[in-house]
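Peer 1: Sharing a sequence plus its predicted fold:
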Amino acid sequence: MKSEKGASVLVIDDEPEIRDIVQIFLKNEGYEVMEAEDGAAGLELLRKVEFDLVILDVMMPKLDGIQACIQIRQTRNIPIIILSAKNEDIDKILGLTSGADDYLSKPFNPLELVARVKSQLRRIRMSETQDKHERLELSIGDLVLNIPRHQVTIQGKEIFLTPLEFDILELLATHRGQVFSVDKIYETIWKDPAMQSDKTVMVHIRNLRDKLKDNPREPKYIKTVWGVGYKID
């Protein structure tokens, strides 16, 4: 990834006013910004240009943000921030389940969006820096994490995780036996103070367990310590 200041951001939104204001605030912070007016145009740009982060609206013509997010996740592991006029918990859960790393409801404060962009890029940069100093692989039974490659396999079969899912798994795997509260996971992975973080972390843990086929009632990997948090033994 480029340095945070020179990072490239793709803004996908069918509202020109939203794209314009997001671009103004991001460019003021030194980011390179490109725009797309719908999900299909955004996917086409992603095939041609390397981006460090995507900001993605949900309700768009041709291809909505949820479907676009799913398709992006099939080939790319860059951070995705979803914007949506829908602010119910179920909408946030749907966005995060589709592979997004963060979710911001409209109308939003552009400064808050900039802060979240910085947080996501800082998390990726710190993860890349840590990879250079940590051992290559971690094993938990038949599950293997290759840290530099951000790759997870179970019995030799690759499991595709989002960057946040991988970071949560890596955090628990590198501190085996230690219980992490929801707030601690959020503060460690998102690099932000924990505010109403419970649903965000729980959705990512649920997605992670689904991909690992880890039954929460009889977990092989991620165990719940009720009233406290999560751990890997």
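Peer 2: Arrived safely. Numbers count the residues shown, from 1 in each chain.
Peer 1: Contact partners for Met202?
Peer 2: Val182 (C-beta atoms under 8 Å, 6 or more residues apart in numbering). Quick note: C-beta positions are derived from backbone N, CA and C, even for glycine.
Peer 1: That one in helix, strand or coil?
Peer 2: Three-state assignment for Met202 (DSSP: H, G, I helix; E, B strand; the rest coil): helix.
Peer 1: and what of Leu121?
Peer 2: Leu121 - assigned by three-state DSSP - is helix.
Peer 1: swap in Arg209?
Peer 2: Applying three-state DSSP: Arg209 is helix.
Peer 1: Read off the pLDDT value for the residue nearest the centre of the chain.
Peer 2: By C-alpha atoms, centre = their mean, the chain has its centre lying nearest to Asp101, at 2.5 Å. We have a pLDDT of 90 for Asp101.
Peer 1: Give me the distance between it and Phe166.
Peer 2: From Asp101 across to Phe166, the span is 11 Å (C-beta to C-beta, to the nearest Å).
Peer 1: Who are the contact partners of the residue nearest to the centre of the chain?
Peer 2: Neighbour list for Asp101: Pro79, Ile80, Ile81, Gln120, Thr162, Pro163, Leu164 [criterion: C-beta under 8 Å, 6+ apart].
Peer 1: and the first one, what are its phi and psi?
Peer 2: What it means is Pro79. phi -60, psi 140 (degrees, to the nearest 10).
Peer 1: Setting the sequence-adjacent residues aside, check what's closest to it.
Peer 2: Among residues not flanking Pro79 along the chain, Gln120 sits closest, at 3.9 Å (C-beta to C-beta, 6 or more residues apart in numbering).
Peer 1: Distance check, that neighbour against Asn146.
Peer 2: 22 Å.
Peer 1: ok, now Lys86?
Peer 2: 37 Å.
Peer 1: Over to Thr97?
Peer 2: 25 Å.
Peer 1: now swap in Leu46 and tell me
Peer 2: For Leu46 relative to Asn146 (C-beta to C-beta), the value is 25 Å.
Peer 1: is it true that Ile185 touches Leu171?
Peer 2: Yes - Ile185 lies in contact with Leu171 (C-beta atoms under 8 Å); the separation is 6.8 Å.
Peer 1: Among the two, which residue is more densely surrounded?
Peer 2: Ile185 (23 against 17; other C-beta atoms under 10 Å).
Peer 1: Narrow the contacts of Asp101 to those in strands?
Peer 2: Using DSSP state E, the members of the contacts of Asp101 that fall within strands are Ile80, Ile81.
Peer 1: Now, of the contacts of Asp101, which are buried?
Peer 2: Pro79, Ile80, Ile81, Gln120, Thr162, Pro163, Leu164 (16 or more other C-beta atoms under 10 Å).
Peer 1: per-residue pLDDT, the third one?
Peer 2: Just to be clear, that refers to Ile81. 95.
Peer 1: now, which of the buried ones among the contacts of Asp101 sits nearest Gly39?
Peer 2: Among the buried ones among the contacts of Asp101, Ile80 lies closest to Gly39 (C-beta to C-beta), at 11.9 Å.
Peer 1: Report the beta-bridge partners for the closest one.
Peer 2: Going by DSSP bridges, Ile80 is paired in beta bridges with Val54.
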